[in-house]
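Undergrad: Need coordinates for the following:
(one chain, ligands or ions: 1)
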Amino acid sequence: MSYAVTLIPGDGIGPEVAQATVRAVAATGVGIDWQMAELSADIILRAGEVIPSHVVQSLSATKVALKGPVTTPVAGGFPSVNVALRKRFDLYANVRPVRAMPGVKTRYADVPIDMIIFRENTEDVYSGLEHEVVVDVVESLKIITRRASVRIARAAFRRALRGRRKVTAVHKANIMKLSDGLFLRCCREVAAEHPSIKYEELIVDNAAMQLVMRPETFDVLLLPNLYGDIVSDLAAGLVGGLGLAPGANLGDEFAVFEAVHGSAPDIAGRGLANPTALMLSAVLMLDHLGEPDAAMRLRNAIEAVYREGKPRTSDVGGSASTSEYTSAVIDSLAAPART
Ligand code: NAI
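TA: Next comes the predicted model:
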């Protein structure tokens, strides 16, 4: 049996971490029929559309993708393909587990960090709905709807019911009383449907401070899109950086698995990228495909490489190349199970 999965390597370090992840997934023994869908800033410019049709066709057919990062130009140029993909396929839940990796030195060595971020993925100011009203005056629209807020809250609480104890909604409803106020009201309504899960609220600036001071007190975080984007990178920094932070964009019909990080142009093409974040995204993908055993084996293999001080990339204190680290993960997968 093999699964058809769209592979979007992306650009920058994307192709490097995607190739590494394909190797690691192959070593689990799960058959994946990868359907290549190239996507990069250049391809978008040539196609003249943010999501070129070959990507739409492939994902429409497979319903599941593993995706590397795609560069979005800053302060001009074409709109984000990532935002467009999430909207086009209604991938409304951006789910990002944040866990300390055994053996990776961080500022929080003895702190048991283990949280899951649920970031609303389709609206908020992150949609990039902006226009110049008159010269030098720009308006950016923050759209928050009951529908999107309720469904991300439901997704977070559904996950919390499986072994988690608390959901923290993060907002700025003291200032954005209507938009974040609506988001918060929806979170409260969904919380009331789940009395077994503790529910709390934090204003986003306070949440940022608490995350740095007491990261171990967080469990499931529930955020609108922009705060979720920022808090995700902060949280990745707590556990060793973007090279280790996986993610999933989930809807009711489609799922796109991608790391939190971007295309890292500063290290692209040099064999330095850490593919762990995309490999851990593939762990989430294997679970989604109904291969929990392979998912667990790949996760264990990655953790063993870190725990046992085997080759690691420079972002986490090593000197291994992307390929050397990947080989270590594959060797670890092949090693007899440790007790
Ligand atoms: P970035 O995440 O690409 O890089 C930030 C820093 O983290 C850099 O120093 C980079 O070298 C390092 N880093 C990131 N991933 C790494 C990895 N796997 N291994 C080792 N080091 C890693 O963020 P930046 O520079 O703000 O964005 C670059 C481009 O990526 C932008 O065009 C942005 O729009 C795009 N982007 C795309 C995303 C996606 O496709 N999902 C997500 C975030 C950014």
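
Undergrad: List the single closest residue to residue 310 in space, sequence neighbours excluded.
TA: When the adjacent residues along the chain are set aside, residue 310 lies closest to residue 328, with 4.6 Å between them (C-beta to C-beta, 6 or more residues apart in numbering). From N, CA and C alone the C-beta is placed, and that goes for glycine too.

Undergrad: And the residue of the stretch 101-250 of the chain closest to the ligand?
TA: residue 243 (3.5 Å; C-beta to the nearest ligand atom).

Undergrad: measure the closest residue to that residue other than its chain neighbours to residue 312 for me?
TA: If the residues on either side of it in the chain are set aside, residue 243 comes closest to residue 274, at 3.0 Å by C-beta to C-beta, 6+ apart. The spacing between residue 274 and residue 312, counted by C-beta to C-beta, to the nearest Å, is 8 Å.

Undergrad: Hmm, the residue of the stretch 101-250 of the chain closest to the ligand is touching residue 260, no?
TA: No: using C-beta atoms under 8 Å, residue 243 is not in contact with residue 260; the gap is 9.8 Å.

Undergrad: Now do the helices for the protein: every range, in order, please.
TA: Per DSSP state H, the chain carries helices over the ranges 14-27, 41-47, 53-62, 81-88, 146-160, 179-192, 204-213, 225-238, 276-288, 292-307, 322-334.

Undergrad: which one of these has the lowest average pLDDT?
TA: Mean pLDDT per stretch puts helix 41-47 lowest among these, at a mean of 87.

Undergrad: Compute the distance from the centre of it to the centre of its chain.
TA: Distance of helix 41-47 from the chain centroid (C-alpha atoms, centre = their mean, to the nearest Å) equals 24 Å.

Undergrad: What residues sit buried inside that helix?
TA: Judged by neighbour count (16 or more other C-beta atoms under 10 Å), helix 41-47 contains these buried residues: 41, 43-44.

Undergrad: Give me the residues contacting it.
TA: 11, 50, 52-53, 70-73, 78, 81 (C-beta atoms under 8 Å, 6 or more residues apart in numbering).

Undergrad: got the contact list for the closest residue to the ligand within the stretch 151-300 of the chain?
TA: The nearest approach of the stretch 151-300 of the chain to the ligand comes at residue 262, 2.3 Å away (C-beta to the nearest ligand atom). Shown in contact with residue 262 (C-beta under 8 Å, 6+ apart): 12, 69, 71, 242.

Undergrad: distance of it from residue 238?
TA: 19 Å.

Undergrad: Could you do residue 57 as well?
TA: Separation of residue 57 from residue 238 (C-beta to C-beta) stands at 39 Å.

Undergrad: out of the two, which sits in the more crowded spot?
TA: Remark: of residue 57 and residue 238, residue 238 carries more neighbours, 21 against 13, as counted by other C-beta atoms under 10 Å.

Undergrad: What sits closest to that one if chain neighbours are left out?
TA: residue 215 (5.1 Å).

Undergrad: Tell me where the stretch 1-150 of the chain has strands.
TA: 2-8, 31-36, 64-67, 93-99, 114-120, 130-134, 137-140 (DSSP state E, counting those that start in this stretch).

Undergrad: how about the fourth one: buried residues?
TA: Going by neighbour count (16+ other C-beta under 10 Å), the buried part of strand 93-99 is 93-99.

Undergrad: do you know how far the spatially most central residue of the chain is from residue 137?
TA: Centroid check for the chain by C-alpha atoms, centre = their mean gives residue 247 as the closest residue, at 2.4 Å. Using C-beta to C-beta, residue 247 is found at 35 Å from residue 137.

Undergrad: need the residues of the chain near the ligand, please.
TA: Residues of the chain lying near the ligand by C-beta under 6 Å from any ligand atom: 13, 17, 69-72, 82, 242-243, 258, 261-267, 273-274, 277, 315.

Undergrad: Show me which of those residues are buried.
TA: For the residues of the chain next to the ligand, buried by 16+ other C-beta under 10 Å: 13, 17, 69-72, 82, 242-243, 258, 261-264, 267, 273-274, 277, 315.

Undergrad: For residue 55, which non-adjacent residue is spatially closest?
TA: Closest residue to residue 55 apart from its sequence neighbours, by C-beta to C-beta, 6+ apart: residue 37 at 4.7 Å.

Undergrad: and if you look at residue 36?
TA: Per C-beta to C-beta, 6+ apart, closest to residue 36 is residue 7, 5.5 Å.

Undergrad: Could you check how many residues crowd around the one you found?
TA: Residue 7: 22 neighbours (other C-beta under 10 Å).

Undergrad: and it, what is it in contact with?
TA: Counted by C-beta under 8 Å, 6+ apart, residue 7 has contacts 18, 22, 34-37, 65-66.

Undergrad: follow-up on the earlier one: and for residue 243 and residue 260, which residues touch both?
TA: With C-beta under 8 Å, 6+ apart, residue 243 and residue 260 have common neighbours residue 277.

Undergrad: Residue 65 is in contact with residue 255, isn't it?
TA: Yes: if you go by C-beta under 8 Å, residue 65 and residue 255 touch, sitting 7.5 Å apart.

Undergrad: mind listing what the spatially closest residue to residue 304 that is not a sequence neighbour touches?
TA: In space, and not counting its chain neighbours, residue 304 is closest to residue 332: 4.7 Å by C-beta to C-beta, 6+ apart. Residues near residue 332 by C-beta under 8 Å, 6+ apart: 300-302, 304-305, 310.
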